[in-house]
Structures are given as structure tokens and as C-alpha cells.
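>>> Would you be able to build a 3D model of this:
(chains A, B, C and D, ligands or ions: 2)
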Number of protein chains: 2
Amino acid sequence: MKHLPHKTIERLSQYRRALLICLDKGQTHIYSHEIARIQHITAVQVRRDLMLIGYTGTLRKGYNVKELIDLIGEIIDSQEGINVAIIGMGNLGRALINYFSGKRSHLKIVASFDINPDKIGNSMSGVPCYSSEEMDKVIKEKDIRIGIMTVPAEFASQTTDALVKAGIKGILNYTPKPVTVPKEVYLEEYDMITSLEKVAFYVKLNEKEEA
Amino acid sequence: MKHLPHKTIERLSQYRRALLICLDKGQTHIYSHEIARIQHITAVQVRRDLMLIGYTGTLRKGYNVKELIDLIGEIIDSQEGINVAIIGMGNLGRALINYFSGKRSHLKIVASFDINPDKIGNSMSGVPCYSSEEMDKVIKEKDIRIGIMTVPAEFASQTTDALVKAGIKGILNYTPKPVTVPKEVYLEEYDMITSLEKVAFYVKLNEKEEA
DNA sequence: CTAACAATGTTAAATAAATAACAAAAAACT
DNA sequence: AGTTTTTTGTTATTTATTTAACATTGTTAG
Ligand SMILES: NC(=O)c1ccc[n+]([C@@H]2O[C@H](COP(=O)([O-])OP(=O)(O)OC[C@H]3O[C@@H](n4cnc5c(N)ncnc54)[C@H](O)[C@@H]3O)[C@@H](O)[C@H]2O)c1
Ligand SMILES: NC(=O)c1ccc[n+]([C@@H]2O[C@H](COP(=O)([O-])OP(=O)(O)OC[C@H]3O[C@@H](n4cnc5c(N)ncnc54)[C@H](O)[C@@H]3O)[C@@H](O)[C@H]2O)c1
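Ligands and ions are numbered 1, 2, ... in the order given. This is a model prediction of the structure:
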């Protein structure tokens, strides 16, 4: 398989999420236009994405839900699963752990880290909280390859450095402070304010156009 | 000014965030390559974005931080400011309110909604929590134009419908359930699992390439 | 004073992504 | 049996976005 577009990767993850719901409902097959409607995109886009990953459906029956879920899994997940840690057990860290805990996934949150003694030693949704000082050791011992950063912004850089030093392979940065990583580490950053301001811009634009 | 690309809007928001930090540090001017380094992009991209919004810097001195912040504000914000509400005061809703409260912004979170009687009537970071039943009334009274949805996924659709009915103009959906809105309402959806699975995919890809 | 430099601003080219167009084939209808 | 319909799969086209090329112009150094 050749290079998959970034956008296709994101959509595959979303398709799978929708497909899992269909599977739960007992649906065995699904048409491209049904997937498309759920995701607010076109059926052509769905078929093109599936073509790119080499999955072929049945004419007039659509795609086999179970098979497609498994294939997306083969592409996105690694067989053995990937271990994940959350750094910073504040409001956001707790929200994420809580959200993730219900999900069946090859990605497992296996540890969290904090500097607050009140949090260290406790567990939340089965995820133990360690002291940040143990980060290097725990990351190596538990073979943690992805870190989700939810520390205060002023600690973002030093936490990043510590994660990189411990051998982490990917970082998902939720602090509003952009950080820098060596090129062998994959970095994804997200900030709510960007999303919210984008919504505000288009709301304003819509209002103008109506006027 | 003609149509700004979606990606440019996102970057403008990010530039401003970085510029506000520079302003606090007392920095009066900044070069395109400095902005670029902070955001992990190229200086050309920065200059191109600024060209699109018609801002012109000073040769060899760079861009005036204050002026640029103000100009981005004129483009992204509306003069009067836009009122925002959060629906669902759980872990995530609290994290977002808390995060947002410190920020100076033309976007103001002025209300939150919940169905849990324990939460209704309380305030958090100065944001009062109302009963969901009052949503229609409060949204109209307070001229709330954007809603951030952090309710459990199973309530996503009905909450969306209620927001639309109340006349909301934009929705930021943090539930993992994709929702549908009429075309005059701007919708942005975000799910952490998509980001995390994307990170996982590229981590796996990097590992393969190294091997 | 002039040449080299370091920055911006703009146009052009390349790349990435989405959309459209259409071919193929199984199923359903007549 | 043949025709229409419906849905997939693929190639071609268009649109969006990024990157590159280069022209411009104050500033500094010789
Ligand atoms: N991306 C978004 O949409 C978004 C939304 C909300 C908050 N945030 C950001 O996420 C971060 C966390 O937000 P929050 O509301 O959870 O804050 P919080 O203050 O509730 O939590 C921060 C936690 O990090 C811990 N901590 C501090 N320094 C640490 C260190 N060096 N190592 C490990 N842990 C450390 C603290 O003890 C605390 O438990 C902030 O940077 C905030 O700006 C981002
Ligand atoms: N996008 C992401 O990255 C992300 C991360 C974490 C959680 N989530 C999602 O965000 C949502 C909230 O997560 P959480 O951890 O805060 O959950 P939570 O259970 O802590 O909070 C949900 C809140 O919504 C309230 N609520 C329930 N029904 C309501 C209704 N009809 N109207 C108004 N309020 C209502 C509940 O009383 C509760 O306070 C969930 O859908 C979760 O899956 C998304």
C-alpha cells in the first residue's frame, strides 16, 4: 500500500468509530453513502478512502462492517497494541482518562504522572498515577510509546524533553504551548481556542453574508 | 480581502496566541522566521498568511507585535464579542471553563447548562450553571451564539437540536457522536481518539521505516 | 558610495486533497 | 432475455494548500 493521505488516516479512525456502533446494533453491512452521511462527507470520498486501503465491498450489499473494522485496525493499530501515558492529572487529564477507559482499543493508557503528592499513588479508572520523577523508569519498564501532555503550559517544554529522553515515540500536546521534538518523534498539537476562534470566524462570516 | 483558506484562519489564531506571549515579555517586533519556529512551520508560510490579511511589516525589523495582534483580532473576532455557552458540566466541561477563564478574548463563556440538580445553580470560574430546560430562554436572553457540547454522547443529537432551535450560530462538538445541523449553523467536531490514533499510526510508520 | 546582506512581499510551481465522471457488474424488474 | 437500477471501483479533473523562486528594499560594512 502506498502513502495514505493524512486526512484519510483521520477519517479511517472516524469510520471505525461509527462502524463499531453499527456492529453493536447488529448491522452486518453498510453502504458508502451511509458512512458518508454519518461523517458529513460524500460517498465518493468514503469509497476512495477504502480503495486506498485496498478494501473491496460487495456490489449492492455494501461493505462488511466486521471486516472493515478489522482492516482499519490492521492499518492504524499495531498488532501488539501501543501503551500510552497521561502526564498531568488535572481536570483535562482526568476527563481524558475517564473518556478513554470505556473504549475497546489497541491503545491502552497504562500510566499517568503528576507532581502533586495527593495524586501520586492513587488510581483512576484503573490507571495508576506515578511521580513525574519516575517517568523515565516507568516509561521504559512499561514500554510506553505515546505521551499525552496535560500539564500546565509553563511545564510543557520540560515535560516534553523528559518524555523524549525517556524514549517516547509520539506526543499529543494539549497544552497551549507549542513544543519542539526531534524529528523521529511524532508530534500532534491541539488547542481548543483555535477551534473556538475558527467557529467564531465562520459564524461572523455567515452573519455578514446573510446581511 | 478575499477568501482566507481554512488553514490560514487556524494559523492566525495560533499566531495570535504566540504573539500575546511575546507582548507580555515586552517584545515589540518579531520576524516571520521567529513566528515560524514557534509554530513548526516555514517563514514563507507565515509571510504568505500575513500577505493574505494585508498586513505589511517593516523590512529588517519584522512585524509589530501589537499591531498584528490587533489586526488578527479584527479578522477573527467580532467587535462586540461573541457569547459562548458550555452544555454539560462534567469533567471535560469543567476543564474547558477552567482553561478559558484566564484568557483575555472577545469570546466569553457566559453560561453553562446541565441536567444534574447538584450542578444547576452553582457557578464555576464565574460562569453560572442553568438547567438544560432553560436553554432556549437563556440563549436568547444572553445573546449566546456559540455552543460547546460536552454532554454524554447519547445526548448529543437532542442537545444539538435544542441548540439549533434556540438560534445558536455555531457548535463545537466534543462528544464522539457526529451530529447534523442545518447549513446556516457552523459545526466543528473534535475527538481525541482520532488524534491519538493518528499519532499511533505515524509512530508505527516511523518504526517500520527505521527497520 | 557601493556592494553585500537580511529581511519582506509577490508571483509561479508543485503537491495534496476533494470532487466529478464514468465504467462495471450484480440484482431487480418487465 | 433484456433493460433499468443501484452500488462499487477507478481514473480524470478541479480545487486548495504549500513550497519555491525571485524581485524589492532598507541597513550595514567596507
Ligand atoms: N487543548 C485544550 O483544549 C485544553 C483544554 C483545557 C486545558 N488545556 C490545557 O491543559 C493543561 C491542563 O489543564 P487542566 O485544566 O487539567 O489544569 P490543572 O491545573 O487542573 O491540571 C494540571 C495538573 O498537572 C500537574 N502538574 C503540574 N506540573 C507537572 C509536572 N511538571 N509534571 C507532571 N504533572 C504536573 C498538576 O499537579 C495538576 O494535577 C493546561 O496547560 C491547560 O492550558 C488545554
Ligand atoms: N473530544 C474529546 O477529546 C473528549 C474527551 C473526553 C470526553 N469527551 C466526551 O465529552 C463528553 C463529556 O465527557 P465528560 O468526561 O465530561 O463526561 P461527564 O459524564 O463527566 O459529564 C457529562 C455532563 O453532562 C451532563 N448532562 C447529561 N445529559 C445532559 C443534557 N441532556 N443536557 C445537559 N447536560 C447533560 C451530566 O450531568 C454531566 O455533568 C462525553 O461525550 C465524552 O465522550 C470527549
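
>>> close enough to count as contact, residue A:121 and residue A:129?
Yes - Residue A:121 is in contact with residue A:129 according to C-beta atoms under 8 Å; the separation is 6.7 Å. (C-beta placed from N, C-alpha, C; glycine too.)

>>> ok, those two, which is more surrounded?
Neighbours were counted for residue A:121 and for residue A:129 using other C-beta atoms under 10 Å in any protein chain shown; residue A:129 has more, 20 against 11.

>>> any idea which helix or strand comes after whichever helix or strand residue A:98 is part of?
Per DSSP states H and E: residue A:98 is located in helix A:91-101. Remark: after helix A:91-101, the chain's next helix or strand is strand A:107-114, criterion DSSP H and E.

>>> can you pull the contacts of the nearest residue to residue A:110 once chain neighbours are set aside?
Leaving aside its sequence neighbours, residue A:110 sits nearest to residue A:83 (C-beta to C-beta, 6 or more residues apart in numbering or on different chains; 4.7 Å). Applying C-beta atoms under 8 Å, 6 or more residues apart in numbering or on different chains, we find residue A:83 in contact with A:108, A:110, A:111, A:142, A:143, A:144, A:145, A:146.

>>> and those, which are buried?
A:110, A:111, A:144, A:145, A:146 (16 or more other C-beta atoms under 10 Å in any protein chain shown).

>>> circling back: export the contacts of residue A:83 as JSON lines, with columns for pLDDT.
Formatted as JSON lines, the contacts of residue A:83 follow (pLDDT from 0 to 100):
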{"residue": "A:108", "pLDDT": "94"}
{"residue": "A:110", "pLDDT": "97"}
{"residue": "A:111", "pLDDT": "98"}
{"residue": "A:142", "pLDDT": "97"}
{"residue": "A:143", "pLDDT": "97"}
{"residue": "A:144", "pLDDT": "98"}
{"residue": "A:145", "pLDDT": "97"}
{"residue": "A:146", "pLDDT": "98"}
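
>>> Output those residues as CSV; include the columns distance to residue A:40.
Listed next are these as CSV, based on distance: C-beta to C-beta, whole Å:
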residue, distance to residue A:40
A:108, 30
A:110, 34
A:111, 36
A:142, 38
A:143, 37
A:144, 34
A:145, 32
A:146, 28
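
>>> Nearest to ligand 2 among those residues?
Proximity of these to ligand 2 (C-beta to the nearest ligand atom) peaks at residue A:146, which lies at 14.9 Å.

>>> can I assume the closest one is in contact with residue A:172?
Yes - contact criterion C-beta under 8 Å: residue A:146 and residue A:172 qualify, at 6.9 Å.

>>> what residues do the two have in common as contacts?
In contact with both residue A:146 and residue A:172: B:196, B:199, using C-beta under 8 Å, 6+ apart.
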